[in-house]
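J.: coords please:
(2 chains)
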Amino acid sequence: MDMDTIAAFSTPPGESGLAVLRISGSHAASICDRLFVPSSSRFAKPSAMVGYTLAHGYWGKIDEVVLACFRAPHSYTGEDVYEISCHGGQAIRQAVLDSVLAAGARPAGPGEFSRRAFFNGKMDLTAAEAVMDMIGAQAEKQAQAAYRQLTGGVSRVIHERTDHLYGALARLEMLLDWDEEEERPEDRELLVCELEYAERELRLLADSFAGGRIIREGLAVVIAGSPNVGKSTLLNALSGRDRAIVSNIPGTTRDTVEVDLTLDGYLVHLTDTAGLAIDSDDPIEREGIVRAENALRTADLILWVLSPPLPPEDERREEEVRIDRCLAEGKEILFVLGKDDLRLTLSAEKDPAHYAVERYPDLPSMTWSDRSEDDLQRLKETLVRFIESGSLMSPVEGSEIAAHDQVKSHGEGQSHGLLTHARHKTAVDRAVELVKKARADLQAGLSFDLVAISLKEALTELSTITGEDVSETLIDKIFSRFCIGK
Amino acid sequence: MPSLAEARSKENAFVAGEADIIVVGAGHAGCEAALAAARLGRRVILFTMTLDSLANLPCNPNIGGTAKGQMVREIDALGGEMGRLADLHMIQYRMLNATKGPAVMSPRAQMDRTGYQRGMKQVLESEPLLTLIQQEITGLLVAGETGDRKVEGVIAATGSLYIASDVILCPGTFLDARVIIGDSVRSSGPDQLAPACGLGDALTALGLPTRRFKTGTPGRFHRRSVDLEQMELQPADREAKPFSFENEDDPSWRPAAELPCYITWTTDETKKLLSDNMDRSPLYSGVIEGIGPRYCPSIEDKIVKFPNHARHHVFLEPTGLDTHEMYASGLSTSMPEEIQRAMLKTVPGMEQAEMMRPAYAIEYLCVDPTVLELSLEVKGIEGLFLAGQINGSSGYEEAAAQGLIAGINAVRRQQDKDPLIIDRSEGYIGVLIDDLVTKGTNEPYRLMTSRAEYRLLLRQDNADARLSPIGYEIGLLSEERWQRFLKKQRAIEHEKERLSAVRVRKSELSDRILQDAGSTPLKTTARMYDLLKRPELNYEMLAPLDPERQELPPSVRESVEIQIRYEGYLRMERDRVERFKKLEHKCLPSGIDYERIRGLRLEARQKLSERRPQSIGQASRISGVSPADIQVLLVYMEQWNG
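T.: Residues are numbered from 1 along each chain as shown, chains lettered A, B, ... in the order given. From the prediction side, this is the model:
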């Protein structure tokens, strides 16, 4: 079995005083040696620590931490385990995890700590079923998160960004399996060229990983909708203060209003836009609309407020054009069906909820009334979930983990979002390295069969995100792109 | 489906013969199966519809090619027949991909078609325990109930019964076959041979999932009518090499001939003609329902799918020493004869071509290979093996490899031995069978090097090192071959050791040789071994710096050079294989109830229950089984073993 070194937080996600990152495996000690600086000479360097001891010091230049050492086999997993207790802020957690991964650990898979514990004889056989349940349940959750990402923007981005890589390998494999002739100089030049593109695309992919950036820089949420639907009320409710002037005169908010807030420790940039009315003659209002459009363009998530009564037909068409444009740009939209208390008196055709479901059946929506604390709470939870999993859908609840206490107590698969993003990033970073190597190998004159090894590995790395069968996809690409066969 | 007892109790029942193993069909799969079983000491009956066309090469009479060439050498390394026969009847040899790296260098040779067939017949006839019988088999004798059946023999078209506890079916493309040329659709096998009727019904009655695949072949043309002068010449390699390790390094071995091929191209007129008449193509009019191979498209297919290609190449290839028929590779079609003839007028050099055989498409019945064990025995029907195109594969080599493995495993079953399963890291044979059985196939399956995970290890030069120990152990490889093999391996090791001891000093000579090759001159000294790792240098070039060097057989030199040059990559590949083997060796017990394993996802449960993989490794390759499901299985297995 692969017994490389794995890492994951064992404390729940979100803002907390402390967070504990657990590292398990044969390289745990050397990783800590590289990053941990003891605060005094009383503390040994990590690899010299004996079991069940603590050391105080600094984790790189990131944070002041306490390091706990559990030596194999006397640890939870039966391997060398180090636990870093750091401060619980998102930025710190992210930085600590990143540093550990950069030093050679791998993000832990579903139930992996427990699985290792089991295989190393740290649990009796009765625990096996609990471990199996846990792997299954976590994998299910991950699969759902991945699926949702795949049906949304991430999937599109990955497919677009790996097109040249698949293209290059398809060309290479075509040359190896079907061309039958001696190598021509232009074959190599063309491949080098394609790999340059592929590498550039993958770098863009790495950069586009919203998750990491969102956690680092905050989630950009833009509130949009027709005039006087309650956008500013929503902003005030979320930020907990009267930042925006609220009135029932349409067009009250003429400029964009911005507020920064934290939800569960995550930073959120909230932007309230001017009501997107059409054809306003007021130059100030028109300027406001331009700014609103700009804000929409940079949004990670748009809260599109619809309130009763629905605007007249022509305004609604105009709004649909805007919504469709945002969707075409790959924006995530959540409909907030505002002024909920008014809806009860409405007929179906004037009810925005009815309209949203009819017109945009695939988009998520939630109702919200400024008088309901529960609604506000649900909205906040949805935002946090979006930050953590990249998805608005709620995970399927009740995948009851009837786990053995021994297993359950170790809170695995926590900080799920952080770890999912870390896995994706690790995969893309590895892919970039492999493509770079392939290109260097090509330029150094290595034979095509060797170059193909790195490229296939790069695609295999990426397939851990997309779940694609590389070999089959590749064969499909070869046949669709090249005229094969005599 | 009658059992033996039932069939025997009928009036006039006649048992015409009895053997240990019966093989149905004497194509490339059937011949290898029968020979392997007979050579391993079993009494074998091999049935063929006609003794005049066994081991037929009804499409292009060439053997080898990318991945396939490697596999022919694997068949030979295990003790199969194909490589030896190909060496005897080779009329053109080429090493494909000679400059693209050792992993993809693939030998391919054109055969003297009738010579190959006659040769195979002689080999079969001289095998003491093998009986050849011309007889169509139309039914099976099977006892037991669904899920727990056992084969007992076969029923011939004459009504006669033949008894054997193991039956290997290799009917090729003959099962319920129909040949299509334009509107003409006839019940026929390839080359106007009769189709096999009856056996397909027997398979359906056994509950095996069947489907129809399609393939095709281009026309044949009289050499005198083709203007070869107008075409580009593609000569044979100057140095032909044998497929068989038996002939390796034998200076007296020569191919039967070294004939060239000729290349011409279709034109705009070809494209226009075919486009204008696409409605007459049975492929597009809906007459052909079978699924054809994407890697072997007909000319009309190429024109539809790649409208931007102005022209497509056509290879005119010799088909034998005793014939003027030439095979027109690239012009496979199922168009009506009228269009076929009109098409020739549009291809330079073929304007006057005399068409001796028209091109045709053939549709045939085959079985979904996921019903098989990796041994090629049908799950739930003891003693019934399937090999060759019936399993959805295409190609002579793919068929031969399956036949060999089925033959070996039928014998081993009778001897209560574990089946021989070549895994994906040991040979293309393993890749082929595992792909078919584990993943299944939606089109006629052709082996490709890109299907192999460990391509750098599955080379043509080391097929013997990979598989001859197995061939010897199971008893197919002769003592003489084994001793030759050991000698070669010792010579390789010895030379590698010697080269790592040889030090080259900086000298005028060394500077000149290295500089001429575009390599950096030595600073002081270097090991010869390390110099060989520089991509710009090779063994031959460095000879003047290595005065102690002995003349070595070419095969030894080739292996030494590859092993040293690619040492780092080979080591990485072997590490990956080691990880692969760990999962491959974790066997899943046959009685496992996946419905009751907690933590498995629903899809995984269904797929695993249906396919019943033999190892965790095999399970991991079934589509719909995720890495997390594999982790769950690993934990389950630990508990089960504990």
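J.: Summarise which helices and strands the host helix or strand of residue A:286 is packed against.
T.: For residue A:286, the element it lies in under DSSP states H and E is helix A:283-297. Identification of packing neighbours for helix A:283-297 by 3 or more C-beta pairs under 8 Å, 6 or more residues apart in numbering or on different chains; DSSP states H and E yields strand A:219-225. For glycine as for every other residue, the C-beta is placed from the backbone atoms N, C-alpha and C.
J.: Next, the angle from the strand it packs on to helix A:283-297.
T.: With axes from the mean of the first three to the mean of the last three C-alpha atoms, to 10 degrees applied, the angle from strand A:219-225 to helix A:283-297 works out at 140 degrees.
J.: Any chance you could list what contacts strand A:219-225?
T.: For strand A:219-225, the external contacting residues (C-beta atoms under 8 Å, 6 or more residues apart in numbering or on different chains) are A:231, A:234-235, A:266-273, A:275-276, A:292, A:295-296, A:298-307, A:319, A:322, A:336, A:338, A:383, A:386-387.
J.: Tell me the first helix or strand C-terminal of the lowest-mean-pLDDT helix or strand in chain A.
T.: Of all helical and strand segments in chain A, the minimum by mean pLDDT, DSSP states H and E falls on helix A:405-408, at a mean of 39. Following helix A:405-408 in sequence order, the next helix or strand is helix A:416-443 (DSSP H and E).
J.: quick one: the helix or strand following that next one to chain centroid distance?
T.: Counting by DSSP H and E, the next helix or strand C-terminal to helix A:416-443 is helix A:448-466. From the chain centre to the centre of helix A:448-466 is a distance of 23 Å (C-alpha atoms, centre = their mean, to the nearest Å).
J.: Same check on stretch A:70-86?
T.: For stretch A:70-86, the distance to the chain centre is 28 Å (C-alpha atoms, centre = their mean).
J.: which parts of that stretch are buried?
T.: A:70-72, A:75-86 (16 or more other C-beta atoms under 10 Å in any protein chain shown).
J.: Okay, buried residues for stretch B:193-203 please.
T.: So for stretch B:193-203, counting by 16+ other C-beta under 10 Å, buried means B:193, B:195, B:196, B:198, B:199, B:200, B:201, B:202, B:203.
J.: Where do the domain boundaries of chain B fall?
T.: The record assigns chain B these domain ranges, following automatic domain parsing: B:4-51+B:80-87+B:115-214+B:364-447, B:220-363, B:494-573, B:586-641.
J.: Those residues of the stretch 301-450 of chain B touching chain A, which are they?
T.: B:302, B:305-306, B:309, B:312-313, B:315, B:329-330, B:332, B:448-450 (C-beta under 8 Å from any C-beta of the partner chain).
J.: returning to that earlier point: looking at the buried residues of stretch B:193-203, which gets the smallest pLDDT?
T.: Lowest in pLDDT among those is residue B:198, which has 91.
J.: My read is that it contacts residue B:138, right?
T.: Yes - using C-beta atoms under 8 Å, residue B:198 is in contact with residue B:138, at 3.0 Å.
J.: tell me, what's touching those two both at once?
T.: Contacts common to residue B:198 and residue B:138, judged by C-beta under 8 Å, 6+ apart, are residue B:157.
J.: Identify the single longest helix in chain B, thanks.
T.: Scanning chain B for the helix with the most residues, using DSSP state H, yields helix B:479-501.
J.: what's it in contact with?
T.: Under the criterion C-beta under 8 Å, 6+ apart, residues B:79, B:245-246, B:464-465, B:468, B:471-472, B:477, B:527-529, B:532, B:546, B:548, B:552-553, B:555-557, B:559-560, B:563-564 lie in contact with helix B:479-501.
J.: Could you give the average pLDDT over that helix?
T.: Helix B:479-501 shows a mean pLDDT of 97.
J.: Okay, buried residues for that helix please.
T.: Neighbour-count burial for helix B:479-501 flags B:481, B:484, B:485, B:488, B:489, B:491, B:492, B:495, B:496, B:498, B:499 (criterion: 16+ other C-beta under 10 Å).
J.: which residues of the stretch 501-642 of chain B score low on pLDDT?
T.: B:641-642 (pLDDT under 70).
J.: Centre of the chain to stretch A:101-110, how far?
T.: 16 Å.
J.: Start and end of it, how far apart?
T.: Taking C-alpha to C-alpha, to the nearest Å, stretch A:101-110 runs 17 Å from one end to the other.
J.: can you give me the helices in the stretch 251-400 of chain A?
T.: Under the criterion DSSP state H, counting those that start in this stretch, helices of the stretch 251-400 of chain A are mapped to A:283-297, A:313-328, A:340-343, A:352-359, A:373-389.
J.: Format these as a markdown table; extra columns: mean neighbour count and distance to residue B:35.
T.: Formatted as a markdown table, these follow (neighbours: other C-beta atoms under 10 Å in any protein chain shown; distance: least, C-beta to C-beta, whole Å):
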| stretch | mean neighbour count | distance to residue B:35 |
| --- | --- | --- |
| helix A:283-297 | 16 | 72 |
| helix A:313-328 | 14 | 64 |
| helix A:340-343 | 16 | 81 |
| helix A:352-359 | 17 | 69 |
| helix A:373-389 | 18 | 60 |
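J.: quick one, helices of the stretch 101-250 of chain A?
T.: Using DSSP H, counting those that start in this stretch, helices in the stretch 101-250 of chain A cover A:112-119, A:128-151, A:153-161, A:163-174, A:185-208, A:210-217, A:231-239.
J.: Nearest to chain B, out of these?
T.: Closest to chain B of the helices of the stretch 101-250 of chain A is helix A:128-151 (C-beta to the nearest C-beta; 2.9 Å).
J.: hang on, the earlier thing: what's the closest of the helices of the stretch 251-400 of chain A to residue B:216?
T.: helix A:313-328 (44.5 Å; C-beta to C-beta).
J.: Quick one: residues contacting the closest residue to residue B:223 other than its chain neighbours.
T.: Distances taken as C-beta to C-beta, 6 or more residues apart in numbering or on different chains place residue B:324 nearest to residue B:223, at 4.1 Å, with adjacent residues excluded. Neighbouring residues of residue B:324 by C-beta under 8 Å, 6+ apart: B:222, B:223, B:224.
J.: can you pick the most crowded of these?
T.: Comparing the contacts of residue B:324 by number of neighbours (other C-beta atoms under 10 Å in any protein chain shown), residue B:223 comes first, having 17 neighbours.
J.: Of the contacts of helix B:479-501, keep whichever come out buried.
T.: Counted by 16+ other C-beta under 10 Å, the contacts of helix B:479-501 give B:79, B:245-246, B:464-465, B:468, B:471-472, B:477, B:528-529, B:532, B:552-553, B:555-557, B:559-560, B:563-564 as buried.
J.: May I see the buried residues of stretch A:181-190?
T.: Buried residues in stretch A:181-190, counted by 16+ other C-beta under 10 Å: A:183, A:187, A:188.
J.: In this structure the second one contacts residue A:181, no?
T.: No - applying C-beta under 8 Å, one finds residue A:187 not in contact with residue A:181, separated by 9.5 Å.
J.: Check what pLDDT the closest residue to chain A within the stretch 151-300 of chain B gets.
T.: Closest to chain A within the stretch 151-300 of chain B is residue B:294: 4.2 Å, counting by C-beta to the nearest C-beta. Residue B:294 carries a pLDDT value of 88.
J.: Quick check: closest non-adjacent residue to it.
T.: Excluding the flanking residues, the one nearest residue B:294 by C-beta to C-beta, 6+ apart is residue A:479, at 4.2 Å.
J.: now that neighbour, what's its secondary structure?
T.: helix (DSSP: H, G, I helix; E, B strand; the rest coil).
J.: That one against residue B:292, yeah?
T.: No - applying C-beta under 8 Å as the test, residue A:479 and residue B:292 come out as separate, 11.8 Å apart.
J.: weakest of the helices of the stretch 101-250 of chain A in terms of mean pLDDT?
T.: Here these differ in mean pLDDT, and the lowest is helix A:210-217 at a mean of 60.
J.: thinking again about what came up before, so how do I select the buried members of the contacts of strand A:219-225 in PyMOL?
T.: A single PyMOL command selects the buried members of these (16+ other C-beta under 10 Å):
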select buried, chain A and resi 231+234+235+266+267+268+269+270+271+272+273+275+276+292+295+296+299+300+301+302+303+304+305+306+307+319+322+336+338+383+386+387
